[in-house]
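S.K.: mind looking at a prediction? Sequence and model below.
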Amino acid sequence: MKTNRLEAFSDGVLAIIITIMVLELKAPHSADLDALRPLLPSLLTYLLSFVYLGIYWNNHHHLLHATPRINGAIMWANLNLLFWLSLVPFFTAWLGENHSAPWPAALYGGVLLMAAVSYTILQTTIVSHLGRDSKLARSLGSDLKGRLSIAMYLAAIGFAWLHPTISDLLYIGVALIWIIPDRRAQAAFED
């Protein structure tokens, strides 16, 4: 099978996830700027989650563009990723409302961790399907950024119980690591 239907489906799901997430934001009842102050944690959490979803969308696009064909295992691995990403709006809203509480900070990180693990599973499934000697497999290499991200998520989940602000900073750190699109998959189809 070609990847175009899988990519179109994934794009649609991510668009819906972003739409749901923005609908969770509630406008203040007052017209002055001070009314935004209590909403700042929700707005900042929304911004971070929006950046994360954009990162996944961008890297997912490059990964699938470098994949000439897919199979059923790849489709299920992709659904696994979309499942975890679909939980981002809920945990974004919860963390935004309770920004200094351990459970929301830890579970937000748990969803980000599972999305990262799921993306790794998707990459591994695609490489397995295409072969270890495929152009994509050679370009992906050891995935240091992926492993570092998972370690930072685990640390952030642990820090949620000690100081949730450290967790928030670690989540921002992972986003900054990935803000520049992953060029490895892109390199597989540029030659």
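M.R.: Arrived safely.

S.K.: look up how far residue 67 lies from residue 134.
M.R.: 9 Å (C-beta to C-beta, to the nearest Å). Bear in mind the C-beta positions are built from the backbone N, C-alpha and C, glycine included.

S.K.: and the two? Which one has more around it.
M.R.: residue 67 (24 against 18; other C-beta atoms under 10 Å).

S.K.: which residues touch the more buried one?
M.R.: Residue 67 is in contact with 3, 74, 126, 130, 136, counting by C-beta atoms under 8 Å, 6 or more residues apart in numbering.

S.K.: for it, which three-state class applies?
M.R.: Under the three-state scheme (DSSP: H, G, I helix; E, B strand; the rest coil), residue 67 adopts coil.

S.K.: check it and give its pLDDT.
M.R.: Reported pLDDT at residue 67 in the predicted model: 92.

S.K.: got the phi/psi numbers for it?
M.R.: Reported as degrees, to the nearest 10, the phi and psi values for residue 67 are phi -110, psi 110.

S.K.: which residues of the protein score low on pLDDT?
M.R.: Under the criterion pLDDT under 70, the flagged ranges of the chain are 181-191.

S.K.: can you give me the helices for it?
M.R.: Assigned by DSSP state H, the helices in the chain fall at 4-23, 40-65, 72-86, 88-97, 102-130, 135-140, 144-159, 164-178, 183-190.

S.K.: closest to residue 34 out of those helices?
M.R.: Between residue 34 and these, the shortest separation by C-beta to C-beta is 11.0 Å, and it involves helix 40-65.

S.K.: the closest one versus helix 72-86: what angle between them?
M.R.: Note on geometry: by axes from the mean of the first three to the mean of the last three C-alpha atoms, to 10 degrees, helix 40-65 and helix 72-86 are set 170 degrees apart in direction.

S.K.: out of the helices of the chain, which is closest to residue 29?
M.R.: Nearest to residue 29 among those is helix 40-65; the distance by C-beta to C-beta comes to 14.8 Å.

S.K.: what is the neighbour count of residue 109?
M.R.: Under the neighbour criterion other C-beta under 10 Å, residue 109 is assigned a count of 27.

S.K.: shouldn't it be in contact with residue 157?
M.R.: Yes: A contact is recorded between residue 109 and residue 157 when judged using C-beta atoms under 8 Å, the distance being 4.3 Å.

S.K.: need the overlap of contacts for those two.
M.R.: Taking C-beta under 8 Å, 6+ apart as the contact rule, residue 109 and residue 157 both touch residue 167.

S.K.: about what we covered before: of all the helices of the chain, which lies closest to residue 31?
M.R.: Proximity to residue 31 (C-beta to C-beta) singles out helix 40-65 among the helices of the chain, at 17.0 Å.

S.K.: which neighbouring elements make contact with that closest one?
M.R.: Taking 3 or more C-beta pairs under 8 Å, 6 or more residues apart in numbering; DSSP states H and E as contact, the helices and strands that helix 40-65 lies on are helix 4-23, helix 72-86, helix 88-97, helix 102-130, helix 164-178, helix 183-190.
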